[in-house]
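Novice: Attaching a predicted model along with its sequence, questions to come.
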Amino acid sequence: MTTLCEFPTFESDWLKPERVVLVGASSKLGSVGQVIGANLQSGSRAFKLQTVNPQQIDWSGTTHFNSLSAIPMGPGLGVVAIPAQGVSEAIATLGKKGIRYAVVISAGLERGSELGNKMLNAARDTGVRLIGPNCLGLILPHHRLNASFARSMPAAGDLALLSQSGAIATAMLEWAEPREVGFSAVVSVGDMAQTGMGELIEIFAQDAETRAILIYLEGLNDAQRFMEAARKTTLTKPVIVLKAGRSQMAGRAALSHTGALAGSWDVYRAAFREAGIVAVDTLEDMFDVASLLSCYPEGAKENLAIITNGGGAGILAVDAMARTGARLADLSDKTVNELNAFLPTVWSRANPIDIIGDADASRYSMTIETVLADPGVDALLVMNCPTGLLKPGEAAQATVDSVERARKGGSDKPVFGCWLGDANFAAASQQLNESRIPIFSTPSDAVRGFSALLQIRRASAKASSSEVEVSNPKTMAQAQALMQSVKNDGRRILSEIEAKTLLAEFGIPVVETRLIACEDDFQEACAAIKPPYALKIVSPDITHKSDFGGVALGLSNASAVRRAAEAMKKHISDAFPDARLDGFAIQPMVARKSAHELFAGLAQDTTFGPIVLFGAGGTAIEVIADKAIGLPPVSSRQAQEMIAATRISRQLAGYRHVPQADLVAITKVLEALSRLAVTLPEIAELDVNPLLADADGVVALDARVILR
């Protein structure tokens, strides 16, 4: 398959082409070629428009050619909207004519198909960069270029929209128009045959006209580049993603839609978090965040004040905050005293600031200005519940006037509104939107929007890189030698002794474990370890030993060990006659009364590759289903975030008579597993379960490693 690195890079001129060649222009009303042509004509003053069709087309302000080979030499953008069979030849001809960029609208060029490969080969051979195929097109509002079959040109703005669905892109444009939300670019990526999301993020990270990037994503075929680009970009520009295909059924639909790898939603969510991406849950949330970003692209700090004329509405907003991690601002004594001077005596005297149901416009204005002046307030939500005493438009105008006065005074604090009730919302939305004060119709929507602003601010505040420890050469050499030994034996599964040896090489504490390979080893092994003992079978065919009677605990002496081994051997031979038995592993019983049973490990994700997992361990691990995911390289900070994301972290923090577990030791285990994943990409699965953790540190009692 053709790889991205075989193609030339995008240069900045592709966002402002001086010439556009429409291959497949049509005069048939309502056809794709006709709609794209009409859209291009509307902006053709910014570029030369050339059309190609064997039949003559006479459009004002354009130059028509009956053959693509007849177009003049020179740079520009090609737009290809013809049957799939002719696309590769069209791309090749465009390249020979000096066209370096092309948007392929045509469908039927799936990745891996004969026609798809011919298109990619033609592009590679002639140096053409492709967007698509199977896409809506490309819109560059600042350049007045609409090379798509969308209904209209959106307003110019500073949001770049990248969408794997043309339908979602057009829905966003329809939503944006009445709200005066503008775009720097709209790119319908289609099947991403050549140009993936990662490269597009890189492009718009460098684009001076783009202040934030919105993405509708179904799947990725360039996960590593996507992560690298997002990590860098979110330090300076927000990246917002709506990920579709989260459920198993939707994932299959996404796969069939774009041909991209759908992957696991849990892993995508972890990837977004680590890259500083803000993930939204619904299309409505994407709309809301887009509205907020158009006004406040740098996000918001944590402390939110709420002004409301209805106490219940304020309570609902606080409830929503509890679900998002947002924080209520503490009002200063000075602010409370100033509010006391003009608010009714029954006002709430706390945040949320309930200015009572009989509030008039003046009360709104004075409260807003007073609260915005409080240095402990980082952002403000103004709420209005419908009453017969104050028209919604009057409350909106009071909000607009007071916020504008605050802005003239130097305030840059985000302010947004929530007008409850359909009629109430409709009556206020235009006034607030025109003054760049985003408005929501429910408390939960408003708070989710604020939460997104928080995530944007936090992502941009992160250090450009986190320190990640690397494996030393000696450790790498010994680990690779062990892997080679296993492969030379024709095995994919490491023995428990080998697995623990590997962990120890990377600094993960393991319980001493000895192999009993024959009858003569029993006495010597027991003498070297302090009783009581734990005994386990060693078999390359049975990895979950406790599930199949392959573990015996609390054995007091060598005789008990021998009897347990004989019983296990008989049970295994009866239940699994074809299973190979290489002996037994013996280790001391570890008595740590306050220790927690944890799980840590590695797995391979179809999209992102190796992942690090952590959570509650033990035999009921699947039932408890308490896990966090990290993507290597995992830094100390990321490991701490993984621990905090689990339910068991609350127990690890200590409770009642149980002291806090050694969180630093747990963090080091996750960092070590990350190094192990980077050093040994041939590992398919690695399980450490249980990993005991208490105030004295950690120790791995069991380990399993499977190679690809």
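Specialist: Thanks, I have the structure now. Numbering: from 1, shown residues only.
Novice: Contacts only, for residue 597.
Specialist: 616-618, 689-692 (Cβ atoms under 8 Å, 6 or more residues apart in numbering). Where you see a C-beta, it was placed from the backbone N, CA and C, and this is true even at glycine.
Novice: For the helix or strand where it lies, buried residues please.
Specialist: Taking DSSP states H and E as the definition, residue 597 sits inside strand 596-605. Of the residues in strand 596-605, those buried under the neighbour-count criterion (16 or more other Cβ atoms under 10 Å) are 596-603, 605.
Novice: From those residues, pick the one nearest residue 478.
Specialist: residue 602 (18.2 Å; Cβ to Cβ).
Novice: Is that closest one in contact with residue 683, as I believe?
Specialist: Yes: in this structure, residue 602 is within contact of residue 683 by Cβ atoms under 8 Å, at 5.8 Å.
Novice: Bridge partners for residue 19, pull those for me.
Specialist: Beta bridges link residue 19 to residue 48, judged by DSSP bridges.
Novice: Neighbours of it, how many?
Specialist: 18 (other Cβ atoms under 10 Å).
Novice: Please report the distance of it from residue 393.
Specialist: 49 Å (Cβ to Cβ, to the nearest Å).
Novice: Likewise for residue 509?
Specialist: 67 Å.
Novice: now residue 407
Specialist: From residue 407 to residue 393 the distance is 21 Å (Cβ to Cβ).
Novice: And for residue 373?
Specialist: Taking Cβ to Cβ, one finds residue 373 at 25 Å from residue 393.
Novice: who touches both of residue 602 and residue 683?
Specialist: With Cβ under 8 Å, 6+ apart as the test, residue 602 and residue 683 both reach 610, 676-677.
Novice: coming back round to it: I'd like the contacts of residue 597 as CSV, with secondary structure appended.
Specialist: Putting these into CSV (DSSP: H, G, I helix; E, B strand; the rest coil) gives the following:
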residue, secondary structure
616, strand
617, coil
618, coil
689, strand
690, strand
691, strand
692, strand
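Novice: Which one of these sits in the busiest neighbourhood?
Specialist: Most surrounded of the contacts of residue 597: other Cβ under 10 Å gives residue 691, at 28 neighbours.
Novice: If that residue is in a bridge, with which residues?
Specialist: Under the criterion used (DSSP bridges), residue 691 bridges to residue 598, residue 700.
Novice: Pretty sure it sits against residue 592.
Specialist: No: look at residue 691 against residue 592 with Cβ under 8 Å: they stay out of range, at 11.8 Å.
Novice: helices and strands around the helix or strand in which residue 185 is found, which ones?
Specialist: Assigned by DSSP H and E, residue 185 falls within strand 183-188. Judged by 3 or more Cβ pairs under 8 Å, 6 or more residues apart in numbering; DSSP states H and E, strand 183-188 is in contact with strand 137-140, strand 156-163, helix 166-179, helix 197-206.
Novice: Can you say which of these is packed in most?
Specialist: strand 137-140 (a mean of 26; mean count of other Cβ atoms under 10 Å).
Novice: Does the helix or strand following that one pack against any helices or strands, and if so which?
Specialist: Heading C-terminal from strand 137-140, the first helix or strand you meet, by DSSP H and E, is strand 145-148. Counting contacts by 3+ Cβ pairs under 8 Å, 6+ apart, strand 145-148 packs against strand 19-23, helix 32-41, strand 77-80, strand 137-140.
Novice: Now do strand 145-148: everything it contacts.
Specialist: Residues contacting strand 145-148 (Cβ under 8 Å, 6+ apart): 17, 20, 22, 36, 39-40, 42-43, 46-47, 77, 79, 103, 136-139, 152-153, 166, 186, 188.
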